[in-house]
Structures are given as structure tokens and as C-alpha cells.
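Trainee: Fold the following and give me the result.
(one chain, ligands or ions: 1)
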Amino acid sequence: MTTVRMAKKAASPAKKITAPVKPPRISPPLASRVQAAAEPPAAAAPVLSDNDIYDRVVSAILDHRLPPGTKLVEDKLATAFGVSRTRIRPVLVRLANEQVVTLTPNRGAAIAQPTVQEAREVFEARRMIEPRLVELFIANATPADIAVLSAGIAEEEAARLAGDMRRAIRLAGDFHLLIAQAAGHQTLGRILRELVSRTSLILMTYSPSHTSEREEATACGCREHQALIDAIRLRDAREASRRMLEHLQRLESQLEFSPPDSTTPDLVSLFGRVA
Ligand SMILES: [Zn+2]
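Mentor: All right, here's what the predicted structure looks like:
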């Protein structure tokens, strides 16, 4: 695992620029998003749409290429995507509305660093909606939808075995998004997309520092996804929903929320007791 160890300290709560919320767009199918991510960033030919640029940034967050705190310099992004600088701003505003980017006056944009409270809120929100999404998935999924989920787990396992953690992490996140997509609940699906992006930032910020634990925690485990699929195949909505809840609880329980320098010196022993 080569991911750079991120400082756990959350950024001081920077004042975010509030901007009018743009009407939500329907993202392209996941498969095309995955494909888009694999393409070189500055592909010359077709001019990228705002949505393409947005998808590529989100994609880089989902597979842990853009760690929290990374500065997003508008000029550099414009060059990378082969567009004018004015095209970058609305994308950053949209990402800021989704709380994956922080816009700070005079300091520009950066990938958000979720605070502990934000991390807990994100997991609480996921625990509230994902058991329901699994139930809806079971009610609506075709055998083909279930086959796609299973194939994803097999690919994730293969990526893990090959040591391609980035791909494994990405596929693990896609598992949840695929469930939401086939569940047919667009509102919850859209909320979950934001929560999954933010979860990626949370995992990068608060995963355990020990390598072995970190690899466990930086992604959902295949084993638990497999257990979910088993319940889904039986169309056992109650059991699947329970397993989803447990899975999210376990994922959250592995995070280390203590500050990085918890060795704050004891002032009494430092200075000695005066009187
Ligand atoms: Zn998972």
C-alpha cells in the first residue's frame, strides 16, 4: 500500500463559500464513469463537459489518488483537462456543495478534510439509508443486476490478490453504488453518491496507521460484501439489510478518530508543580 499517510488532524473549519445549489444531474452509468477514469486526463480530441471534469475529479477521490487537503489550483486543472479556467470554477462549486471540496476565500480550493464529527455524520447517514437501499435492490434487482454485483466482488478479490489496492478500493465503493443504482431510488442514490465520495476522504484521513489494518480499513472487505450477496441471492431483505448495517458499523469502528499527536505533554509534569 503506497498511499501517503495523511495527517489526521482535521483542517480548521474553514468558512465555505456558499453558492447556489445547481440542479442535480444524473450521473452517467457507473461503468462509463469507471472507463472515463481509466483514460488519460488530458485526452486531446473531444472537449470535456463540466460533467466529465466533475466525474474525473470524483473518480480520483474514489480510488484514493486525491488525498484530503490536496490543493486544487484552477490553472493547473484547466491545463490538465484542456479547458479554460472559467470552466473549472463551476465544477469546484459543485464539488464544494457536495462537501468533497473546500473553497476558502483567498486560499482557493482543496480536497476536503472531513472532521471527526463529519465522519460520524456520514456513517450515520449511510446506516440510515443503505439498509433501505438493499431492501429496494432485492425488490427490484434482476438476476443480471445480481450477477454484476457478484462479478464486482470477484474483480475486487483479484485486484487485492494482485496487490492493486487502488482498484480494490474503487471496486469496493462501486459495490455500494451499484446497489443504489439498481435499487431504483434516485433521491437516495444521489445522496449516497455524495456520501461514498466523502467516505473515501474519511477512510484516507482516519484509517489505522498499521499497514495490515490499514489495508483492511481503507476499503470494505470482500468477505462482508460476499455475505451480503448471499442474503441478496436468497432475496432475504431483512437479513441483507441487517448485514449492510453491520458492515457499515464495522467499517466505522475500524477508524482511528484520536488526534495524531495524542501525546500532548502534561503541563504539570512538564513544568513541575509550583507550590
Ligand atoms: Zn462495503
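Trainee: in stretch 76-92, what counts as buried?
Mentor: For stretch 76-92, burial by neighbour count (16 or more other Cβ atoms under 10 Å) applies to 77-78, 81-83, 87-88, 91-92. Any C-beta I mention is one placed from the backbone N, CA and C, and that applies to glycine too.
Trainee: For these, which two are the farthest from each other?
Mentor: Using Cβ to Cβ, the pair of those lying farthest apart is 82 and 92, separated by 16.9 Å.
Trainee: Check the gap between residue 146 and residue 71 for me.
Mentor: 42 Å (Cβ to Cβ, to the nearest Å).
Trainee: er, residue 109 I mean
Mentor: Going from residue 109 to residue 71 by Cβ to Cβ gives 7 Å.
Trainee: before we move on, what about residue 170?
Mentor: Residue 170 is 23 Å from residue 71, by Cβ to Cβ.
Trainee: So between the two, which is more surrounded?
Mentor: residue 170 (22 against 10; other Cβ atoms under 10 Å).
Trainee: Does the more buried one touch residue 65 like I think?
Mentor: No. Using Cβ atoms under 8 Å, residue 170 is not in contact with residue 65; the gap is 9.7 Å.
Trainee: For the residue nearest to residue 257 when sequence neighbours are not counted, grab the count of nearby residues.
Mentor: Excluding its sequence neighbours, the residue lying closest to residue 257 (Cβ to Cβ, 6 or more residues apart in numbering) is residue 116, at 4.9 Å. By other Cβ under 10 Å, 16 other residues sit near residue 116.
Trainee: The stretch 101-250 of the chain: helices as residue ranges?
Mentor: 116-140, 143-161, 165-183, 186-206, 211-217, 222-233, 237-253 (DSSP state H, counting those that start in this stretch).
Trainee: Give me the distance from the second one to the chain's centre.
Mentor: Right, the one you point to is helix 143-161. Helix 143-161 sits 19 Å away from the centroid of its parent chain (Cα atoms, centre = their mean, to the nearest Å).
Trainee: could you give the angle of that helix to helix 165-183?
Mentor: For helix 143-161 against helix 165-183, the angle by axes from the mean of the first three to the mean of the last three Cα atoms, to 10 degrees is 170 degrees.
Trainee: Flag every buried residue along helix 143-161.
Mentor: So helix 143-161, judged by 16+ other Cβ under 10 Å, has buried residues 145-146, 148-149, 152-153, 155-157, 159-160.
Trainee: same check, this time on the fourth one
Mentor: Within helix 186-206, the residues that count as buried by 16+ other Cβ under 10 Å are 188-206.
Trainee: For it, C-alpha coordinates in CSV please.
Mentor: Taking C-alpha atoms only, helix 186-206 is exported to CSV below (Å, rounded to 0.1, in the frame of the first residue of the first chain):
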residue,chain,number,x,y,z
GLN,A,186,-32.9,8.2,-7.4
THR,A,187,-33.1,10.5,-4.4
LEU,A,188,-31.3,8.1,-2.0
GLY,A,189,-29.0,7.1,-4.8
ARG,A,190,-27.9,10.7,-5.3
ILE,A,191,-27.4,11.2,-1.6
LEU,A,192,-25.4,8.0,-1.4
ARG,A,193,-23.0,9.1,-4.2
GLU,A,194,-22.1,12.1,-2.2
LEU,A,195,-21.7,10.0,1.0
VAL,A,196,-19.5,7.5,-0.8
SER,A,197,-17.2,10.2,-2.1
ARG,A,198,-16.9,11.7,1.4
THR,A,199,-16.4,8.2,2.9
SER,A,200,-13.4,7.8,0.7
LEU,A,201,-11.9,11.0,2.2
ILE,A,202,-12.8,9.8,5.7
LEU,A,203,-11.0,6.5,5.1
MET,A,204,-7.9,8.2,3.8
THR,A,205,-7.9,10.5,6.9
TYR,A,206,-8.8,8.2,9.7
